[in-house]
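Visitor: pasting a predicted model and its sequence here:
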Amino acid sequence: MRLHVRGRGLPDGELVEWWVVDGMLSAEPVADAETVFGADGAGGWILPGLVDAHCHVGLGPHGAIEMDEAVAQAETERGTGALLLRDAGSPTDTRGFDDRAELPRIIRAGRHIARPKRYQRGFAVELTDEWQLPDAVAQQARWGDGWVKLVGDWIDRDLGDLAPLWSDDVLEAAIDAAHANGARVTAHVFSEDALPGLIRAGIDCIEHGTGLTDDTVDLMVEHGTALVPTLINIENFPDIAAAASRYPRYEQHMRALHATCGARIGAAREAGVPIYAGTDAGSAVAHGRIGEEVEALKGIGMTPTEALGAACWDARQWLGRPALEHGASADFVCYTDDPRGGAAVLADPTLVVLRGIAY
């Protein structure tokens, strides 16, 4: 099927026209193409497929899920225009999805890597000796799509509070191993203490980052470390704290991190830390909420265009995937109303095109 669309692009707002043939974008007119968007003029908006830079296709509240449920998760993302997903750790092997043209593209980080009893049960590869980490990272790097996911901190029940999982020298060796295998590394981090060692070891991205301080923000700027704050998931912190009342230090710490999160992430943005949109969908967060995460990024000081870019053209560049360009796969989303107008608009695209097929 040959398609034609007309509308405004972002971030510049200029009028654009694209043709689709054999699943690819063409900037040159294509004969016999059907105009499926913008037929009545230049109204409407055309964006590259949205990006959820932190989600978990194939993950449920207790770990791995059945494949049909994982497919439903991916289809939900497609329905809201999220056509590129960075899967930040999943125990379910979804590599077969790459052969299914109707499902979003997934960049996989393999499985989370943690220590025994230091993460959610059933989610992670658990290492009994922390010096197993470099080999485990190399293995996940070879399995995945250019990313590896570490658990940087979690509750230590002996201490009764959040604490790092790994020594600094182990982290340095592990991140070097990932880079040697062509992969970038990211880490789940809630608290303050795990951040300096991870950043100095050369980690490429921090997930959540609720424990950022002025010093660690400066370190991130120095090292070029990215941040995916998953703001809509951080709204669950009060419930997490309430469920952990037998660990009062941890409970108080989680409440404090929740209360100061907006200011800390806002300070990172002001300092120039690159920030991208991710929902953490898969267990505590439902899939299909990237529009809400974009809206939440406005709350930490991003302009509407900047926040949308963090879930679209900027995120695609960071992940090394094309936006709208001649010869690229026809993965784009069309909106009748300005997609910067709010979560409800972003979550309800007029037209979704994935690999040249309209939905």
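Guide: Right, received. Where do you want to start?

Visitor: below-threshold pLDDT in this structure: ranges please.
Guide: Filtered on pLDDT under 70, the chain yields the residue ranges 42.

Visitor: got the buried residues for the longest helix along the chain?
Guide: The residue-count maximum for a helix in the chain (DSSP state H) belongs to helix 248-271. Buried positions in helix 248-271, judged by neighbour count with 16 or more other CB atoms under 10 Å: 250-251, 253-254, 257-258, 261-262, 264-269. In this view, the C-beta of every residue, glycine as well, is placed from N, C-alpha and C.

Visitor: packing partners of that helix?
Guide: strand 161-164, helix 214-223, helix 231-234, helix 237-242 (3 or more CB pairs under 8 Å, 6 or more residues apart in numbering; DSSP states H and E).

Visitor: swap in 6 Å and give it another go.
Guide: On a contact count with 3 or more CB pairs under 6 Å, 6 or more residues apart in numbering; DSSP states H and E, helix 248-271 meets strand 161-164, helix 214-223, helix 237-242.

Visitor: C-terminal to the longest one, what's the next element?
Guide: Going down the chain from helix 214-223, the next helix or strand is strand 226-228, by DSSP states H and E.

Visitor: elements contacting that next one?
Guide: Against strand 226-228 (3+ CB pairs under 6 Å, 6+ apart) you get strand 205-208.

Visitor: before we move on, back to that, residues in contact with the longest helix of the chain?
Guide: Residues from elsewhere that reach helix 248-271 (CB atoms under 6 Å, 6 or more residues apart in numbering): 155, 160-162, 210, 212, 217, 221, 227, 229, 234, 237-238, 240-241, 244-245, 275, 300-301.

Visitor: quick one, whichever helix or strand comes after it and helix 248-271 angle?
Guide: Sequence order places helix 290-298 as the next helix or strand after helix 248-271, per DSSP H and E. Following axes from the mean of the first three to the mean of the last three CA atoms, to 10 degrees, one obtains 80 degrees for the angle between helix 290-298 and helix 248-271.

Visitor: beyond helix 290-298, next helix or strand please.
Guide: helix 304-309.

Visitor: ok so, going back, how about the helices and strands packed on helix 248-271, which one is nearest C312?
Guide: helix 214-223 (22.4 Å; CB to CB).

Visitor: what residues of the closest one count as buried?
Guide: Under 16+ other CB under 10 Å, the buried positions of helix 214-223 are 216-217, 219-220.

Visitor: which residues touch whichever strand or helix holds E69?
Guide: E69 belongs to helix 67-79 when assigned by DSSP H and E. Contacts of helix 67-79 with the rest of the structure, by CB under 6 Å, 6+ apart, involve 57-58, 92, 94, 103-104, 287-288.

Visitor: quick check, nearest of these to W318?
Guide: The closest of the contacts of helix 67-79 to W318 turns out to be P104 (CB to CB; 17.0 Å).

Visitor: from memory that closest one sits against L85, does it?
Guide: Yes. Contact status for P104 versus L85: in contact at 5.4 Å, counting by CB atoms under 6 Å.

Visitor: more crowded one of these two?
Guide: Using other CB atoms under 10 Å as the criterion, P104 and L85 rank with L85 on top: 33 against 27.

Visitor: doesn't that one belong to a strand?
Guide: Yes. Secondary structure of L85 (DSSP: H, G, I helix; E, B strand; the rest coil): part of a strand.

Visitor: and it, what does it touch?
Guide: 52, 55, 104, 106.

Visitor: G262 and D99, how far apart?
Guide: G262 is 42 Å from D99, where distance means CB to CB, to the nearest Å.

Visitor: on that earlier part again, how about JSON lines for the buried residues of helix 214-223, with distance to G13 added?
Guide: Output for the buried residues of helix 214-223, formatted as JSON lines (distance: CB to CB, whole Å):
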{"residue": "T216", "distance to G13": "36"}
{"residue": "V217", "distance to G13": "32"}
{"residue": "L219", "distance to G13": "36"}
{"residue": "M220", "distance to G13": "31"}
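
Visitor: and those, which two are the farthest apart?
Guide: Largest separation among those by CB to CB: V217 and L219, giving 7.2 Å.

Visitor: run the angle between the longest helix of the chain and helix 214-223 for me.
Guide: Going by the same axes, to 10 degrees, helix 248-271 makes 50 degrees with helix 214-223.

Visitor: which of the contacts of helix 248-271 are buried?
Guide: Taking 16+ other CB under 10 Å as the criterion, what is buried in these is 155, 160-162, 210, 212, 217, 227, 229, 234, 237, 240-241, 244, 275, 300.

Visitor: which one of these is nearest to P322?
Guide: Among the buried ones among the contacts of helix 248-271, and counting by CB to CB, the member closest to P322 is I275, at 21.3 Å.

Visitor: nearest residue to that closest one in space, please, no chain neighbours.
Guide: Once flanking residues are discounted, I275 sits nearest to L227: 5.0 Å by CB to CB, 6 or more residues apart in numbering.

Visitor: ok, that neighbour - contacts?
Guide: Neighbours of L227 in contact, by CB under 6 Å, 6+ apart: 206, 209, 268, 273, 275.

Visitor: 7 Å instead?
Guide: L227 makes contact with 205-206, 209, 220, 268, 273, 275 under the criterion CB atoms under 7 Å, 6 or more residues apart in numbering.

Visitor: greatest separation within those residues: which pair is it?
Guide: Maximum distance among those (CB to CB): 12.4 Å, for C205 and A268.
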